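1. Provided below are the primary sequence and the corresponding predicted coordinates.
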Amino acid sequence: MTKNYQVKQSRNNLPIPVVENNYFHSRFNPAQEAATYLENHHEQLKKKSTVLILGLGFGYHIFEVANILAKYHKGFDIYVIEPNLEMAKECLELFPEFKHSITVFHSNQPETLFTNREFVELLLRKPAVIQHPPSYNYHQQYFEGVLKHQAPADITSIRKILNEKSINWIRHDSSPSIMHAIGEIKKEGTKLSSEDFLLLGFEQIVLQTEGNL
Amino acid sequence: MSNILVLNFGHPVDIIQSAALMNTLKTNPEAKIHVLTKTLNQKYVDLIDCADHVHTLDTRLIQKIIANPIYSDGHALNLYQESLETILNTEWDSIINYSNDNFSAYIMSALQADSRIGSYINDQGVAQTSGAWATYQNHVSPFEAIPAFARQEIKARVASTTINPGAGVKLTTQNNENAKQNISQIRKIKGGTPRHVVGISLADSFDRTQYSFRDLDLLLETLEESDEFQTLLLHENTVSQRELITELNKKHQNKLVSVSLSLDTASAVINNIDLLVAPSNHHLYIADALGKNVVHIREDYSASNHGDLITPGSYTVTRFSDLPIANEIIMAINERFDVYLPIEVLDFQNKTFVTFNDNLGTSTSQIRGPIDINAEINFHIKRMLHANALGESVQPQLVEQIKNLVPQQQIQGYVQDANQCLIDVSKQLLTCIRTLSDAREHQERSDIFLQEVQSLFSLSQNNSLVAGNILLLQGIIENLNHTDENEIYDAIEGYLFKLKSELQLAIKILDDLVRSEESIERPRENEIKS
């Protein structure tokens, strides 16, 4: 399978990916370019030890992010979204240390990322979000799709996410949402099953304000 | 081996105080006690000695996922399922809905268990209670401004056990020994005879009650100037607490002793002091669960249902005027240690309550400050009536105690008003009994009977002496799950006659109150003659 990008050498002899004449790192000095770009992100990285970077390329900016984080935090976590799987793989081969120090999320469609529990848990931690401008600009539609994502609420979509146990709890497939499906249980007036009780308990958690529950 | 699951999704106060009940559940040493709680409150469950396993549910995370439209609700449901999986796959000997909340009521029925204790939802979606005390907990207690029984007492009775302050809080030998040595040094810090150590907790309160600087200053000044006390400021090392201590030290020549406590070390230190003064914070409830006497300061006694103390002899001081509550705190310390620390006032304008335990259980009674005597008489008689309705034996000597403490005229005024309310309830009860007979014979008259029963229930709103008994009756009738009409009528008739006997007891108590007043008068007349 041919790669969907080319690899060229920078002036200081580092490999850089190029797609349709779009250079994903500086043609002169990728590390220096990353340092200059990230100068404006020190405050953000000082406040948060978990970072989500939009775009991997060949990862020269990742080293700089790690350097800055190390100044301010004893431990830190770096996550990266890279839509180009081939590029991500080659980057990890180029810098094997990334396999242990960063987590790369990949998907062909932005919405697929949100079916990944690990990705959702990362977002719930409210990470600092930093763009890698060349990657972001090239995959602008994809990254905007990530940033503007709204999860579908209907049961058919939710079923794709549910695990093998909870998937059996829901009986009302045509419901527009889980909460609606739970409402249907109450309307039916039939004998409640163990699964119904669990869903009704779930509803109580959702309805309660923090403090009461 | 028996497996007991305690569902505790309550306030941190409920969790800390449950320690005094949990140890009584572990009568069989092989019994394993599991607790299901919110992730946020696990740190409080970790304080409990008898909790063998803690299962957590991250309710806040579930709420966050649901509230944010970028995440699929499916992730929240998966998280919920995974968190409950272990307890769903376990067969329980008994499950206790300790926190008595709706979520736990549903989960009670989703789990496999031999017995369910407390409130649960039946397979028809109707709330059910496991016994009279559980019905009382749901239908009577929430409507009482000053509860007849401490909430923890009710929870214990629901679980057919007792509260046992002084046991159940985790205390490591090492921490306790270290604290004992340190407190022993603090007792002798000023030389002379070792002093009583009074801890004053500055930790943040759950209900936002705070000391005024004036109160703290007056309390510290009085205790520090005495030869019998040494104060110890307990804090959590927050900026505001450190600033307060610095400010207080400026006024007390830097002689104040303070200690920063983590949740892990608090129990050991509190266990080794002699008394704790605290607002509604975790220090207070750890002390109470340890059976340590406390002086609890509160802004408003009826503001929250949380926090009835369980250790007899503990005080609750509530602000009721602009005067410092320090005077009431010092008075409580005087009583507790039988000493005479100086007090600025004798006419106490703030309210002081004391926690007591009698054969009816643990409760609280006002002992100082502006008092509504009628409300106080009503409280004590109501307590007897509630206990009787719940099948407990009542205290006949209470009538004599009221007679000795309350002026005759006041008692007569109270009895007159109370009797009028009882007459109204009696009339309506008899109407209910009569219409019940009609309804049995003529089905078309069942609506009339139901209307009369509703009218009886509505009398619980007039705050009469038997309001709680009516509420309990309502709860019991709502809890009936017979399917046969005759069985339902039989059961309701039985409960109506039970209420009738409770009314008769109330009338007898009121009669005795008045009669005993007359019997006081006779010897006095004899004395005058002689």
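-> Cool, got the structure. Everything numeric here is computed off the predicted structure, so don't read it as measured data.
2. Point out where the chain drops to low pLDDT.
-> I'll assume chain A. A:1-2, A:209-213 (pLDDT under 70).
3. Correction: the question concerned chain B.
-> Using pLDDT under 70, chain B drops low at B:1, B:301-307, B:516-530.
4. Please, which helix or strand holds A:V18?
-> Using DSSP states H and E, A:V18 maps to strand A:15-19.
5. Show residues contacting the next helix or strand after that strand.
-> As assigned by DSSP H and E, the chain's next helix or strand after strand A:15-19 is strand A:22-23. Strand A:22-23 has contacts (CB atoms under 8 Å, 6 or more residues apart in numbering or on different chains) with A:K8, A:I16, A:P134, A:N137, A:Y138. All C-beta atoms are positioned from the backbone trio N, CA, C, and that covers glycine.
6. Nearest to chain B within chain A, name that residue for me.
-> Proximity of chain A to chain B (CB to the nearest CB) peaks at A:I161, 3.3 Å away.
7. count of residues packed around the residue nearest to that residue when sequence neighbours are not counted?
-> Nearest residue to A:I161, sequence neighbours excluded (CB to CB, 6 or more residues apart in numbering or on different chains): B:G74, at 3.3 Å. Neighbour count of B:G74, defined by other CB atoms under 10 Å in any protein chain shown: 27.
8. Likewise for A:L122?
-> Other residues close to A:L122 by other CB under 10 Å number 17.
9. Spit out the contact partners of it.
-> Neighbours of A:L122 in contact, by CB under 8 Å, 6+ apart: A:T50, A:L52, A:Y79.
10. ok, now how distant is the residue in chain B that chain A sits nearest to from A:F114?
-> In chain B, the residue found nearest to chain A is B:G74; the distance is 3.3 Å by CB to the nearest CB. For B:G74, the distance to A:F114 (CB to CB, to the nearest Å) stands at 10 Å.
11. Then B:R515?
-> Distance, B:R515 to A:F114, using CB to CB: 77 Å.
12. Equivalent analysis for B:A278, please.
-> According to CB to CB, B:A278 stands 47 Å off from A:F114.
13. any idea which helix or strand carries A:A66?
-> Per DSSP H and E: helix A:60-72 holds A:A66.
14. Now A:D77: phi and psi?
-> With angles defined as degrees, to the nearest 10, A:D77 sits at phi -130, psi 130.
15. Surely it and A:T50 touch.
-> Yes. Using CB atoms under 8 Å, A:D77 makes contact with A:T50 at a distance of 4.7 Å.
16. intersection of neighbour lists for the two?
-> Shared contacts of A:D77 and A:T50 (CB under 8 Å, 6+ apart): A:P127.
17. what about the helices in chain A?
-> For chain A, helices defined by DSSP state H occupy the ranges A:30-38, A:42-47, A:60-72, A:85-94, A:98-101, A:110-113, A:117-124, A:133-138, A:140-147, A:155-159, A:178-188, A:194-207.
18. sorry, back to before: check which helices and strands the helix or strand hosting the residue nearest to A:I161 sits against.
-> Following DSSP H and E, one finds B:G74 within helix B:73-88. Under the contact definition 3 or more CB pairs under 8 Å, 6 or more residues apart in numbering or on different chains; DSSP states H and E, helix B:73-88 sits against helix A:117-124, helix A:155-159, helix A:178-188, helix A:194-207, strand B:53-57, helix B:59-67.
19. relative orientation of it and helix A:178-188 in degrees?
-> 60 degrees (axes from the mean of the first three to the mean of the last three CA atoms, to 10 degrees).
20. buried residues in helix B:73-88?
-> Neighbour counts over helix B:73-88 (16 or more other CB atoms under 10 Å in any protein chain shown) mark B:D73, B:G74, B:H75, B:A76, B:L77, B:N78, B:L79, B:Y80, B:Q81, B:S83, B:L84, B:I87 as buried.
21. close enough to count as contact, the fifth one and A:S166?
-> Yes. Because the distance of 4.9 Å satisfies CB under 8 Å, B:L77 is recorded as touching A:S166.
22. In contact with the closest residue to A:L69 other than its chain neighbours: list those residues for me.
-> Nearest non-adjacent residue to A:L69, counting by CB to CB, 6+ apart: A:F76, 4.0 Å away. Counting by CB under 8 Å, 6+ apart, A:F76 makes contact with A:S49, A:T50, A:V51, A:A66, A:L69, A:A70.
23. again with A:H41
-> A:V65, A:I68, A:A128, A:I130.
24. again, only this time at 10 Å
-> Taking CB atoms under 10 Å, 6 or more residues apart in numbering or on different chains, we find A:H41 in contact with A:V51, A:E64, A:V65, A:I68, A:A128, A:I130, A:Q131.
25. Would you reformat the residues you listed as TSV and include distance to chain B?
-> Below are the contacts of A:H41 laid out as TSV (distance: CB to the nearest CB, whole Å):
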residue	distance to chain B
A:V51	19
A:E64	29
A:V65	24
A:I68	27
A:A128	17
A:I130	19
A:Q131	18
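26. Max pairwise distance over those residues: which two?
-> A:I68 and A:Q131 (15.3 Å; CB to CB).
27. And those two? Which one has more around it.
-> Between A:I68 and A:Q131, counting by other CB under 10 Å, A:I68 is the more crowded of the two (19 against 16).
28. Excluding residues flanking it in the chain, which one is nearest the more buried one?
-> Nearest non-adjacent residue to A:I68 (CB to CB, 6+ apart): A:L45, at 4.8 Å.
29. OK, contacts around that neighbour?
-> With CB under 10 Å, 6+ apart, A:L45 has these contacts: A:38, A:51, A:65-73, A:76, A:128, A:130.
30. Report the buried members of those.
-> Judged by 16+ other CB under 10 Å, buried ones among the contacts of A:L45: A:L38, A:V51, A:V65, A:A66, A:I68, A:L69, A:F76, A:A128, A:I130.
31. how about the last one, what does it touch?
-> This points to A:I130. A:37-38, A:40-41, A:44-45, A:51-55, A:61, A:65, A:78, A:80, A:136.
32. let's see 8 Å
-> Here A:I130 is in contact with A:L38, A:H41, A:Q44, A:L45, A:V51, A:L52, A:I53, A:L54, A:V65 (criterion: CB under 8 Å, 6+ apart).
33. ok, now how distant is it from A:P110?
-> With distances taken as CB to CB, A:I130 is found 18 Å from A:P110.
34. do the second one as well
-> Distance from A:V51 to A:P110, counting by CB to CB: 19 Å.
35. Likewise for the fourth one?
-> For A:A66, the distance to A:P110 (CB to CB) stands at 26 Å.
36. Shouldn't B:L505 be within a helix?
-> Yes. Checked against DSSP: H, G, I helix; E, B strand; the rest coil, B:L505 lies within a helix.
37. Next, count neighbours for B:V354.
-> 18.
38. Can you pull the phi and psi angles for the closest residue to it other than its chain neighbours?
-> Spatial nearest neighbour of B:V354, chain neighbours left out: B:I367 (5.1 Å); criterion: CB to CB, 6+ apart. Backbone geometry at B:I367, expressed as degrees, to the nearest 10, gives phi -120, psi -20.
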